[in-house]
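Visitor: Return atomic coordinates for the entry below.
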Amino acid sequence: MEPPIELIESEAGILRASRSTAIDAAIDFAGGTMGGITSVYVGQPLDTVKVKMQTFPTLYRGGFHCFKETFKQDGIARGLYAGTVPSLAANISENAVLFLFYGLCQKVVARALGGKEIQNLNPLENAVSGGMAAFFSSFTLCPTELVKCRLQAMREMATKGQLEGGLERLKIGPVGLTREILHQEGVRGLFKGLTATFMREMPGYFFFFGGYEVSRHLLTPNGKTKDEIGPLKTIICGGVGGVSLWVAIFPADVVKSRVQVQSVAGVKPPTFRAMFMTILRQEGVRKLYTGLGPTVVRTFPATGALFLAYETTKKYLGYLHEYVTGAS
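Guide: Residues are numbered from 1 along each chain as shown. Below is the predicted model of the structure:
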C-alpha cells in the first residue's frame, strides 16, 4: 500500500503549503486535462444520445431507441462518437481551466475565511469555490460545446429540412463547421449560448463539487484523510458529484442545447429566457428533462473516471515535485 502524500512530505521535512501557487495551478491544470480526456471516451456515446433527445424530443421513444437508431444509421465513429473531437476540445479545455481556477478559488475562499487551510475547507466552501471556477471555464466551453451540439444534431436537422445542403452536410466535420461559423457569423457566432452556459455551469458546479466533497467526507474512515479513500470510493464520489450536477441543472442544459443548435447563420438566436418559456408553454415541464436518463447513466462512470484521473494525476505530480525539490 502506498503511503499517503502527507506522510512522505512530513518525512522529507516538506509541507504541501510550501508549494508555490504557480506549481499548484500547473498540477491542477494537468489533473483537469487528464480527467477531461478520460471522461470523454467513457461517456461520449450517451452524451450524443442526450443531445439528440434534447433537441428533437419527438423523434425518439426513449434513450435506448435513440442509441439503437443512431448506431444503425451512422455507426460508431460518425454516430455514437459524433462530435468527439470538439467534445475532447471542450472537456480538456473546460476541465483544465475549471480545475485550475477551482484550486485558485479555494485559496481565495480560504483567505476570505481568515487564512484557513485548503484541505480543511468544508463541502459547502468547496462547492462555492467550484461555482466561482465555473464562470471562467464557461468561456472555454461555449465555442466547443456549440460545435459539438450542432454536429450531434446534424442528421435530425437535415431530415427536418432545417439544414442547407441536407444529408451531405454530415461530412463537414468539426474543423469545417468551425470555419463555416467563423466565416458566416464571426467570432461572436462561436459564443452563441454563452448566457445559457453561465446559467448551467455556475450552479451546476456548485452541486458538482459539493456532491463530490460531501461524498468524500462521508466515505472517509476514522483516522484517515479524504485523500486516502482509494480508487473505488473516488469513482463513487465522482459519480455522485456528476449526478448532482445534472439533476440540478438539466433544464438549463436542454435550453442551452436548443439555443446552440437553432442559432444557425442568418437567424437571430433565441434568448435563454425566450427558449425556456417556449418549451414550458408548448411542450410542458417534462420536456425540460428529456434525455436525463441516458445523461445520468453516462455521468456516473464518466465523472467517476474524471475524478479518478484528476486525483491520480495530482497525486503523482505531487510526488514528482517533492522528489525533484527534495533531490535538489
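Visitor: Just the C-alphas of stretch 39-52, formatted as PDB.
Guide: The C-alpha trace of stretch 39-52 is given here as PDB (Å, rounded to 0.1, in the frame of the first residue of the first chain):
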ATOM      1  CA  SER A  39     -14.400  11.300 -19.200                       C
ATOM      2  CA  VAL A  40     -15.000  11.900 -22.900                       C
ATOM      3  CA  TYR A  41     -14.000   8.400 -24.000                       C
ATOM      4  CA  VAL A  42     -16.100   6.900 -21.200                       C
ATOM      5  CA  GLY A  43     -19.200   9.000 -21.800                       C
ATOM      6  CA  GLN A  44     -19.400  10.300 -25.400                       C
ATOM      7  CA  PRO A  45     -21.900   7.800 -26.800                       C
ATOM      8  CA  LEU A  46     -24.600   8.600 -24.200                       C
ATOM      9  CA  ASP A  47     -23.800  12.300 -24.500                       C
ATOM     10  CA  THR A  48     -24.700  12.100 -28.200                       C
ATOM     11  CA  VAL A  49     -28.000  10.400 -27.200                       C
ATOM     12  CA  LYS A  50     -28.700  13.200 -24.700                       C
ATOM     13  CA  VAL A  51     -28.200  16.000 -27.200                       C
ATOM     14  CA  LYS A  52     -30.300  14.200 -29.800                       C
END
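Visitor: what about the helices in this protein?
Guide: Secondary structure of the chain (DSSP state H): helices at 5-11, 21-55, 63-74, 84-112, 123-152, 154-159, 173-185, 194-219, 231-262, 272-282, 292-327.
Visitor: What pLDDT is listed against the closest residue in space to residue 296 that isn't next to it in sequence?
Guide: Distances taken as Cβ to Cβ, 6 or more residues apart in numbering place residue 243 nearest to residue 296, at 5.6 Å, with adjacent residues excluded. Just so you know, the C-beta spots here come from the backbone N, C-alpha and C atoms, and that holds for glycine as well. Looking at residue 243, its pLDDT reads 94.
Visitor: what sits against residue 243?
Guide: By Cβ atoms under 8 Å, 6 or more residues apart in numbering, the contact list for residue 243 reads 211, 296, 299, 300, 303.
Visitor: Report the residue spans of the stretch 101-250 of the chain with pLDDT below the cut-off.
Guide: The model of the stretch 101-250 of the chain has pLDDT under 70 over residues 157-171.
Visitor: Mind doing that once more with 80?
Guide: The model of the stretch 101-250 of the chain has pLDDT under 80 over residues 148-174.
Visitor: what about the nearest residue to residue 254 once chain neighbours are set aside, neighbour count?
Guide: Closest residue to residue 254 in three dimensions, ignoring its sequence neighbours and counting by Cβ to Cβ, 6+ apart: residue 54, at 4.8 Å. Around residue 54 there are 27 other residues, counting by other Cβ atoms under 10 Å.
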